[in-house]
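>>> I'd like to go over a predicted model; first the sequence, then the structure.
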Amino acid sequence: MSASPRSGLTGKEESLEGPVASKQIAQAGPKLRASNVDFFYGKFQALHNVSIDFPENQITALIGPSGCGKSTFLRTLNRINDTIRGARVTGEVVLDGDSIMGVDVTELRRRVGMVFQRPNPFPKSIFDNIAYGVRINGLARRSEIHEVVERSLRRAALWEEVKDKLNQSAYSLSGGQQQRLCIARALAVDPEILLLDEPCSALDPIATSKIEELLLSIRDQCTLIIVTHNMQQAARVADLTGFFLMGRLVEFNKTDIIFKTPAKKETEDYITGRFG
Amino acid sequence: MATASRSVPGRARTFFQNVRAGDEVAYLITFLFAASVLLVTAILVYELWVKSGPAIHKFGFSFLRTTTWDPVNDDFGALPFVYGTVVTSVIGLLLSVPLGVGAAIFLSELAPPRLSNTLTFLVELLAAVPSVIFGLLAIFALVPLMRSYIQPALIGAFGWSPFFKGPAYGVGVLTASIVLAIMMFPYIISISREALIQVPREQREAALALGATRWESTWDAVVPFARLGIVGSIFLSLARALGETMAVTMVIGNDPKINASLLAPGYSIAAVIANEFTEATGDLHLAALVELGLVLFLITIILNGVGQLLLMLTTRQGTAKS
Amino acid sequence: MLRIWRRAVNNVMLSLTGICAFVTASALFLILGYLLWNGGKSLDWNFFTKLPLSPGELGGGMANAIVGSAKIVAIAALLGVPVGFMSGVYIAEFSGKAMANVIRYSADLLNGVPSIVIGIFAWTVLVVPTHHFSAWAGGFALSLMVIPVTLRATEQFLGQIPQSLREAALALGASKWKSVATVIIPAARTGIMTGIILGVARVSGETAPLLFTALNNQYWSKGFDEPTSSLPVMIYTHAMSPYDDWHRQAWAAGLVLLGLVLIANIAARMVLARGAASQRG
């Protein structure tokens, strides 16, 4: 099993260079591998033959114009599309060697967490929001929960701001804080992979940069896959980038290569702003 | 009206005047109709107040506290009726809310769309069934069932407590409560279902993304988000139950006494008005009955007001802001 | 293990809520079934054509109640629908916000009045001064229940008409009232009609407001000025009586009443659904 990323369109393998490549080869395989994924909303095919390997503890960005399928693809990785009527997936997604269709979906979702486009805290206190995932999955004893909550809030760089008001409603926080709360909530169940669906699109630049900092800081504990329409953000935080267009993965490579010397014309057109 | 058109030549001026006159007339006519609605409501409240005057004058606030209802000696106390009204409605709620909210959850979250729409349609038709028909079925279907099976069973199991004492009449407070519960289903279900449907999808997905089961995501994320709407539906259903006349009158047993046992007959405000109004002995009796009507009216206004408020709070940016 | 427990809870609660839904939905069928069984047996041609006879005498009917209900409901509709409709037009098209809120609150208040209290009010206004019960009084009482329903339906469906349609009519030179009467109201007519039908159907089943306004009548009532029998009141008195024969009549009447109400409801909903679908194109 090769550890290099593959381009969906031509099937040509493009190798990575230098130290990153050797580290890749030394691993047993990618943390998460998608192979030949097609996705249908009823009769409409939203994804065509997408294959990507996501290496462990790296940040991978998925970019592309609106409606290109990058969010749809992200949502197949934790099977949250299962809740949409008429949605159908073919192909394979393998997490640590196990197909995600085979494992219990609630266990899958604990291991593969998700942060959504708009902050969506529960109508509970800050503390209870973070504790929720821990409690239902039985991940900690009652006495340990406070510790887990604090740890998650620290990882999300939110602890100092909320430590004195843990019992207040989550809605008393600002938008940026709420999104960091959602990240802390997702981290509390100790996921191996964290999926982020345009997490900063509803936030101002300052809140955005705080979250980008935080993503870089948790990279070594977690594999991150982030969908973004903001190319500068991808350039800032991602190790690897995949460019989607009309449901297909056009190109996938180190972020540097994608942005400086893209191999495909479509990629270049998008990067240089020739289309939306 | 003529100022703006002074600068406009002859025929055009008349045209404008006619056009605006037509609008003015239309405004006036529709306004008069609307004002009549206001007027009739005001007169209603006024008449209730005036006609209950003699009773208010004689009994004051003690009307609500005393328990004697004696038309012969012109001594009237409202407590047994208030008690009966409240108890039947509350028990009806206790029976109806779990079933109704459970059904609403199923119809909004768990059922496939076509099944949900069909069942919702059937439940909503239930709201169209006239009260007297419920009463008819209650007398001939429910009462015998109560008398022969349910009440004896309850007496057997719980007869030691004060709530389930006494002979199995068939009619009584519990029977009336059960009828009310059935009549409340459609309101609780349809309003709660609406509130649940409005919960943003991201709430459910956030819970699922943490590894919740379908039920956990529904119960822990969606239902709390809609809680104000659900509580609002309860208030509105309660208001309706309190005003319910016919079905209750037909099975409550018509006994103006307060009794701890749910199996005993009782009386409700609406029922006593229905039974005694046309044969009221004397002005004071009549005034007392009208005052009862006023009391009922006031209670339902308050409950409806609270219910509407809660529903309004739900639609404005969801319940989470509270 | 926790996982197994959670999955079990998930399945149990799914089933339980499903049972709740089916139980509540089946209540309608139970009611209908009971009425069809008991009412169907007693429904015959006499029911629709003969007057009620004393208990024990067979062959009676409730023709007077059917006609009486029709009279009373007609009065209720004739009084209530125009008032509700015009008021709805006022709120939706002509009035300012404050006045609209006042009228709307007033209508909601009227809607929330318990039906027996409506009866009391109609009694004080029409029965007391004239010293007799009448179909007018009964119709008036029911009209008070028709008004809020009609008002809300009118306002709601007029409100759904997009502003651009209004502006298009005005831009063609139509005066405001003309644009409302010839463009806006016709555009909303399906919904408004549905609301009116549902409202009138609902009051046709009401009993309490008639108890001391139209009262009851074992014979034909001439004109509108006499006590008038009605289906709901007949059902009530016959059901509460100790006579088996009258009980059978009550079942038959119940079946007829429910049948009419349900047909009106289903028809109105179907019209509404079809109207909405055609508007979406």
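That came through fine.
>>> Pull out the buried residues from stretch A:102-115.
A:105-106, A:108-115 (16 or more other C-beta atoms under 10 Å in any protein chain shown). Any C-beta I mention is one placed from the backbone N, CA and C, and that applies to glycine too.
>>> Is it positioned near chain B?
Yes: if you take C-beta under 8 Å from any C-beta of the partner chain as the test, stretch A:102-115 does meet chain B, through A:106-110, A:113-114.
>>> Widest-spaced pair of the residues you listed?
Farthest-apart pair in the residues of stretch A:102-115 next to chain B is A:107 and A:114; separation 14.6 Å (C-beta to C-beta).
>>> Convert the C-alpha atoms of stretch B:39-52 to PDB, please.
As requested, the backbone C-alpha atoms of stretch B:39-52 are provided in PDB (Å, rounded to 0.1, in the frame of the first residue of the first chain):
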ATOM      1  CA  LEU B  39     -66.400  46.400  20.300                       C
ATOM      2  CA  VAL B  40     -68.000  43.000  20.600                       C
ATOM      3  CA  THR B  41     -65.100  41.700  22.600                       C
ATOM      4  CA  ALA B  42     -65.300  44.700  24.900                       C
ATOM      5  CA  ILE B  43     -69.000  44.400  25.400                       C
ATOM      6  CA  LEU B  44     -68.600  40.700  26.100                       C
ATOM      7  CA  VAL B  45     -66.200  41.400  29.000                       C
ATOM      8  CA  TYR B  46     -68.400  44.200  30.200                       C
ATOM      9  CA  GLU B  47     -71.600  42.200  30.200                       C
ATOM     10  CA  LEU B  48     -69.900  39.400  32.100                       C
ATOM     11  CA  TRP B  49     -68.800  41.800  34.700                       C
ATOM     12  CA  VAL B  50     -72.100  43.500  35.000                       C
ATOM     13  CA  LYS B  51     -74.200  40.400  35.100                       C
ATOM     14  CA  SER B  52     -72.100  38.800  37.700                       C
END
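>>> can you tell if that stretch touches chain C?
Yes: using C-beta under 8 Å from any C-beta, stretch B:39-52 reaches chain C at B:40-41, B:43-44, B:47-48, B:51.
>>> closest to residue B:201 among those?
Distances from residue B:201 to the residues of stretch B:39-52 next to chain C, taken by C-beta to C-beta, are shortest for residue B:41, at 41.4 Å.
>>> Distance check, the closest one against chain A.
Residue B:41 sits 37 Å away from chain A, going by C-beta to the nearest C-beta, to the nearest Å.
>>> by contact count, what packs against the helix or strand hosting that residue?
According to DSSP states H and E, residue B:41 maps onto helix B:10-51. Helices and strands touching helix B:10-51, by 3 or more C-beta pairs under 8 Å, 6 or more residues apart in numbering or on different chains; DSSP states H and E, are helix B:283-315, helix C:63-89, helix C:97-112, helix C:115-122, helix C:135-159, helix C:176-179.
>>> Redo the ones you listed as JSON lines? Include mean pLDDT, distance to residue B:202 and mean neighbour count.
What follows is the helices and strands packed on helix B:10-51, written out as JSON lines (pLDDT from 0 to 100; distance: least, C-beta to C-beta, whole Å; neighbours: other C-beta atoms under 10 Å in any protein chain shown):
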{"stretch": "helix B:283-315", "mean pLDDT": "89", "distance to residue B:202": "17", "mean neighbour count": "20"}
{"stretch": "helix C:63-89", "mean pLDDT": "94", "distance to residue B:202": "37", "mean neighbour count": "23"}
{"stretch": "helix C:97-112", "mean pLDDT": "92", "distance to residue B:202": "33", "mean neighbour count": "17"}
{"stretch": "helix C:115-122", "mean pLDDT": "94", "distance to residue B:202": "43", "mean neighbour count": "28"}
{"stretch": "helix C:135-159", "mean pLDDT": "94", "distance to residue B:202": "29", "mean neighbour count": "26"}
{"stretch": "helix C:176-179", "mean pLDDT": "86", "distance to residue B:202": "42", "mean neighbour count": "20"}
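>>> Among those, which comes closest to chain A?
For chain A, the closest of those is helix B:283-315, at 11.6 Å, according to C-beta to the nearest C-beta.
>>> Now look at the closest one and say if it contacts chain C.
Yes: shown here: helix B:283-315 in contact with chain C (C-beta under 8 Å from any C-beta) through B:289-290, B:293-294, B:296-297, B:300-301, B:304, B:308.
>>> and if you look at stretch B:250-269?
Yes: using C-beta under 8 Å from any C-beta, stretch B:250-269 reaches chain C at residue B:250.
>>> Would you mark the buried spots in that stretch?
When burial is assessed from 16+ other C-beta under 10 Å, stretch B:250-269 yields the following buried residues: B:250-256, B:258-259, B:261-269.
>>> who's in contact with stretch B:279-287?
With contacts defined as C-beta atoms under 8 Å, 6 or more residues apart in numbering or on different chains, stretch B:279-287 is touched by B:51-56, B:58, B:71-72, B:74, B:76, B:276-277, B:289.
>>> Pull out the buried members of the residues you listed.
The neighbour-count criterion (16+ other C-beta under 10 Å) marks B:51-52, B:54-56, B:71, B:76, B:276-277, B:289 among these as buried.
>>> Distance to residue A:54 for those - can I get that in CSV?
Compiled in CSV, the buried ones among the contacts of stretch B:279-287 are given as follows (distance: C-beta to C-beta, whole Å):
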residue, distance to residue A:54
B:51, 79
B:52, 77
B:54, 84
B:55, 80
B:56, 78
B:71, 85
B:76, 80
B:276, 79
B:277, 78
B:289, 77
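>>> Quick one: name the residues of chain C near chain A.
Contact residues (C-beta under 8 Å from any C-beta) of chain C with chain A: C:2-3, C:6.
>>> Which ones among the residues of stretch A:102-115 next to chain B lie within strands?
The strands, defined by DSSP state E, take in A:113-114 from the residues of stretch A:102-115 next to chain B.
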